[in-house]
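Undergrad: need coordinates for the following:
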Amino acid sequence: MKCALVTGGSRGIGSAICQKLAEESNYHILINYQSNKEAAEKTLQEVVNKGATGEIIQFNVSNAEEVTTALSNWQEKNPEAIVEVIVNNAGITKDGLFMWMTQDDWSNVVNTSLNGFFNVTNFFIQKMLRNKYGRIVNMASVSGVKGTAGQTNYSAAKGAIVAATKALAQEVAKRNITVNAVAPGFIRTDMTGSLDENELIKLVPVNRFGEAEEVADLVSFLVSKKAGYITGEVININGGIYS
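TA: Next up, the predicted model:
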């Protein structure tokens, strides 16, 4: 059984990615969620409706022990399963000006995006190297390449993901494992629901927010066989706001 794991797969871009992979790949979809089981089950239902198989798997990506326990248990129950695709999508924001930022707001955001990438990817990387095949896609952000005021913590976390992507790509390329990052701009999801869309689209050359499905299309391509010669890249998907 060949599998694709999507962290933070229950809602928003993560859910769209799970559904797109269900449509366009032959992978068994592992939908990771932290707390919203109902949303994860809804995504799983969509995956099944599209003719694929999947399951939900609960852990907090920022908690190394929890990640290792959950994934080890899953691997023991599914000894034949091979995770070929990892989409490190889980992330949180705690926006605010740096001068008022608390230690927790800094740590929680960095731990989820950056340590989450380490915890999940590190669990599987040796297996991928042995299998001589893998596709890793890390969710960055326009904030990680341009920097966004009021998001110093998020920009730091996503900027670190960009650098980690480029470094890891060079380490594992000989074993047919690609590592790329996708950097969305303003995408219409729960996460951007509180933003003033009418004001912000003035900044976007294509004059609209992006859709989660558009990001999912890009991720689906990057994890496919077609993208074997693309690695170490950061692909902006932001309507021209920054490139």
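
Undergrad: what are the boundaries of the strands in the protein?
TA: Taking DSSP state E as the test, the strands found in the chain are 2-6, 28-33, 54-58, 82-88, 134-139, 177-184, 187-188, 210-211, 234-237.

Undergrad: so what's the gap between the worst-scoring helix or strand of the chain on mean pLDDT and the chain middle?
TA: The least trusted helix or strand in the chain, going by mean pLDDT, DSSP states H and E, turns out to be helix 197-200, with a mean of 82. Distance of helix 197-200 from its chain centroid, counting by CA atoms, centre = their mean, to the nearest Å, is 25 Å.

Undergrad: got it, and stretch 161-174?
TA: Stretch 161-174 sits 15 Å away from the centroid of its parent chain (CA atoms, centre = their mean).

Undergrad: then stretch 134-151?
TA: Going by CA atoms, centre = their mean, the spacing between the C-alpha centre of stretch 134-151 and its chain's C-alpha centre is 10 Å.

Undergrad: could you work out the end-to-end span of it for me?
TA: Taking CA to CA, to the nearest Å, stretch 134-151 runs 32 Å from one end to the other.

Undergrad: hey, least reliable of the strands of the chain by pLDDT?
TA: Lowest mean pLDDT within these: strand 187-188, at a mean of 92.

Undergrad: tell me the strands beside it, with direction?
TA: Paired with strand 187-188 in the same sheet, following DSSP bridges, are strand 210-211 (parallel).

Undergrad: and the strand it pairs with, how far out from the chain's middle?
TA: Its chain's C-alpha centre and that of strand 210-211 lie 16 Å apart, by CA atoms, centre = their mean.

Undergrad: before we move on, what about stretch 6-26?
TA: That offset, for stretch 6-26, works out to 10 Å (CA atoms, centre = their mean).

Undergrad: likewise stretch 117-127?
TA: In this view, stretch 117-127 has its centroid 14 Å away from the chain centroid, taken as CA atoms, centre = their mean.

Undergrad: go on, stretch 111-118?
TA: 11 Å.

Undergrad: return it as CSV; C-alpha atoms alone will do.
TA: Extracted C-alpha coordinates of stretch 111-118, given in CSV (Å, rounded to 0.1, in the frame of the first residue of the first chain):
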residue,chain,number,x,y,z
ASN,A,111,7.1,24.8,16.6
THR,A,112,4.1,24.0,14.5
SER,A,113,5.6,24.9,11.1
LEU,A,114,9.3,24.2,11.6
ASN,A,115,9.5,21.5,14.2
GLY,A,116,6.4,19.9,12.7
PHE,A,117,8.3,19.6,9.4
PHE,A,118,11.3,18.0,11.3
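
Undergrad: circling back to that earlier point, would a markdown table of the strands of the chain with mean neighbour count be doable?
TA: C-betas here are computed from N, CA, C, even on glycine. Shown next, in a markdown table, are the strands of the chain (neighbours: other CB atoms under 10 Å):
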| stretch | mean neighbour count |
| --- | --- |
| strand 2-6 | 25 |
| strand 28-33 | 26 |
| strand 54-58 | 18 |
| strand 82-88 | 25 |
| strand 134-139 | 26 |
| strand 177-184 | 24 |
| strand 187-188 | 19 |
| strand 210-211 | 18 |
| strand 234-237 | 18 |
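
Undergrad: okay, those in a markdown table with distance to Gly228 next?
TA: Output for the strands of the chain, formatted as a markdown table (distance: least, CB to CB, whole Å):
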| stretch | distance to Gly228 |
| --- | --- |
| strand 2-6 | 16 |
| strand 28-33 | 21 |
| strand 54-58 | 25 |
| strand 82-88 | 13 |
| strand 134-139 | 9 |
| strand 177-184 | 7 |
| strand 187-188 | 27 |
| strand 210-211 | 26 |
| strand 234-237 | 15 |
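
Undergrad: so who does the spatially most central residue of the chain touch?
TA: Centroid-nearest residue in the chain, with CA atoms, centre = their mean: Asn89, separated by 1.8 Å. Counting by CB atoms under 8 Å, 6 or more residues apart in numbering, Asn89 touches Val6, Thr7, Gly8, Gly9, Ile13, Gly14, Ile17, Met139.
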